[in-house]
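Peer 1: following is a predicted model, sequence given first.
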Amino acid sequence: MKIDGHYDETSDIAWLRFEDYHRATVVAEETEFGLRELDPSDKHVVGLEYWRASERLPGDLLRMLPSPPVGVAG
Amino acid sequence: MRSSHEARDAGRSFFNAELWHSPEARLLNGDDYPPLRADAPSESPVSAAEHCPWVQRQQTIGRHRSAIDLLVADALFVREWLEDQRVTTRAPTIVVWTDHALAKAQLLGIGLADVEDAVLADHEKRTRNTGAADWLLRSGRLAIAYNYPDDDYLAARVVTLWRQR
């Protein structure tokens, strides 16, 4: 499975996007950890956004994630 | 323990009814402490106990404590009011972005100007505490989480955003 995403250390938010992530149609719902992003056609999860990520995700994972690309979509 | 509002109301009633026109007001104005007198004249019949210096002193102390309660309660009330005013009346005039929010808006094809316009125009419609930031604004299908950067009430920093179901 291909996973994209980034970790913004300043806002402490990690964003993970999985296969089938369609940027034009994706919708999100709030959860206890942040956001669950869904494909509206069948409601399967295509992305996760973690708020206060440093408290919820392993540091090894956060260090693997790139910083948000500024000025370039990605 | 009384709330600040209860203490304020109680203190204000006492203040308006009695203290303002009483000798104790001299103390609040920096005058000398009123002397205690066992034979203090009275215009109305009073019990003998009310001429007792100790009783008079206790009454005086009680009145002063009420006055202090009033002043403290009023100070708390004013502080709360100012805090409410600061939160409700000051609206941001500029919008800044976290790297995450900027990258996400660009990826999702959400217009930055649309987000900024919504925050500046609909700041009064925000709700508190989303977990990601201090404020949450829902504008159509768009949800925007933002806060005040470094307690700068004239700026809004977009922390994250998403399309709602």
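Peer 2: Happy to help now that I have it. Residues are numbered from 1 along each chain as shown, chains lettered A, B, ... in the order given.
Peer 1: backbone dihedrals for the residue nearest the centre of chain A, both of them.
Peer 2: Geometric centre of chain A, nearest residue: A:W15, 2.1 Å, by C-alpha atoms, centre = their mean. Torsion angles at A:W15 (phi, psi; degrees, to the nearest 10) stand at phi -130, psi 120.
Peer 1: pretty sure it contacts A:V46?
Peer 2: No: judged on C-beta atoms under 8 Å, A:W15 makes no contact with A:V46 at a distance of 11.8 Å. (Each C-beta comes from the backbone N, C-alpha and C, glycine too.)
Peer 1: just to revisit the earlier point, which residues are in contact with the residue nearest to the centre of chain A?
Peer 2: A:W15 makes contact with A:5-8, A:47-50, B:100, B:104, according to C-beta atoms under 8 Å, 6 or more residues apart in numbering or on different chains.
Peer 1: one more: B:D114?
Peer 2: Taking C-beta under 8 Å, 6+ apart, one finds B:L142 in contact with B:D114.
Peer 1: check B:G111 too.
Peer 2: B:A105.
Peer 1: redo that, cut-off 10 Å
Peer 2: Residues near B:G111 by C-beta atoms under 10 Å, 6 or more residues apart in numbering or on different chains: B:105, B:117, B:142.
Peer 1: wait, the last one touches B:I110, no?
Peer 2: Pointing back at B:L142 there. Yes: between B:L142 and B:I110 there is a contact under C-beta atoms under 10 Å: 6.8 Å.
Peer 1: list residues touching both of those two?
Peer 2: Going by C-beta under 10 Å, 6+ apart, residues that sit against B:L142 and also against B:I110 are B:161-163.
Peer 1: mind checking which of those land in strands?
Peer 2: Per DSSP state E, strands hold the following members of the shared contacts of B:L142 and B:I110: B:161-163.
Peer 1: and the residues you listed as JSON lines, adding neighbour count, distance to A:L57 and pLDDT?
Peer 2: Shown next, in JSON lines, are these (neighbours: other C-beta atoms under 10 Å in any protein chain shown; distance: C-beta to C-beta, whole Å; pLDDT from 0 to 100):
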{"residue": "B:L161", "neighbour count": "26", "distance to A:L57": "21", "pLDDT": "97"}
{"residue": "B:W162", "neighbour count": "24", "distance to A:L57": "19", "pLDDT": "97"}
{"residue": "B:R163", "neighbour count": "17", "distance to A:L57": "24", "pLDDT": "97"}
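Peer 1: what segments of the chain are strands?
Peer 2: Picking chain A for this. A:4-8, A:13-17, A:27-30, A:34-38, A:45-51.
Peer 1: oops, chain B please
Peer 2: So, for chain B - with DSSP E - the strands run B:94-97, B:127-128, B:135-139, B:142-147, B:155-163.
Peer 1: out of these, flag the one nearest B:V55.
Peer 2: strand B:127-128 (51.4 Å; C-beta to C-beta).
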